[in-house]
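>>> give me a 3D structure for the following:
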Amino acid sequence: MESEFIQIMTVTGYALEAFGVLVVLIGSCLATAVFVRTYRALGEGVAYKKFRQNLGRSIILGLEFMIAGDIIRTVIVADSLQNVGILAVIVLIRTFLSLTLFLEVEGRWPWQKDGPQ
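Presented below is the predicted three-dimensional model:
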């Protein structure tokens, strides 16, 4: 019974990570399609800025799914101290990437209010 649960959690973790990659891929394709479609209508600067925002949002969302998959696989499946340490480093790197991408896309930190600063 326990081995079945661990196997299910392993598959769930990998599925979440695969879904995160899929989110990044589909988001990148959609952002590129929107950019190509609106490039002439919006102008070079505006279209490029929107492209970067859409691309950044898809990367941020994909990273969140990848972090969730890592957490599930490490905490449930391979719960050694070394694996938890590796997970901590991975989560810190991905969180740093998410925060900096959010700042780049939105022009503010996640804890700041919307609107002009």
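
>>> can we go C-alpha only for contacts and neighbour counts from here?
Noted.

>>> check which helices and strands the longest helix anywhere in the chain sits against.
Longest helix of the chain, by residue count under DSSP state H: helix 2-42. When contacts are defined as 3 or more Cα pairs under 8 Å, 6 or more residues apart in numbering; DSSP states H and E, helix 2-42 packs onto helix 44-72.

>>> and the angle for the helix it packs on with helix 2-42?
If you take axes from the mean of the first three to the mean of the last three Cα atoms, to 10 degrees, helix 44-72 sits at 180 degrees to helix 2-42.

>>> can you name the next helix or strand after helix 44-72?
helix 81-106 (DSSP states H and E).

>>> mean confidence score for that following helix?
Mean pLDDT, helix 81-106: 86.

>>> distance between it and the chain's centre?
10 Å (Cα atoms, centre = their mean, to the nearest Å).

>>> now swap in stretch 77-89 and tell me
Between the centre of stretch 77-89 and the centre of its chain there are 20 Å (Cα atoms, centre = their mean).

>>> report the buried residues of it.
Within stretch 77-89, the residues that count as buried by 16 or more other Cα atoms under 10 Å are 77, 87.

>>> and the contacts of it?
Outside stretch 77-89, the residues within contact range by Cα atoms under 8 Å, 6 or more residues apart in numbering are 6, 9-10, 70-71, 74-75.

>>> ok, of these, which come out buried?
Burial by neighbour count, judged by 16+ other Cα under 10 Å, picks out 9-10, 70-71, 74 from the contacts of stretch 77-89.
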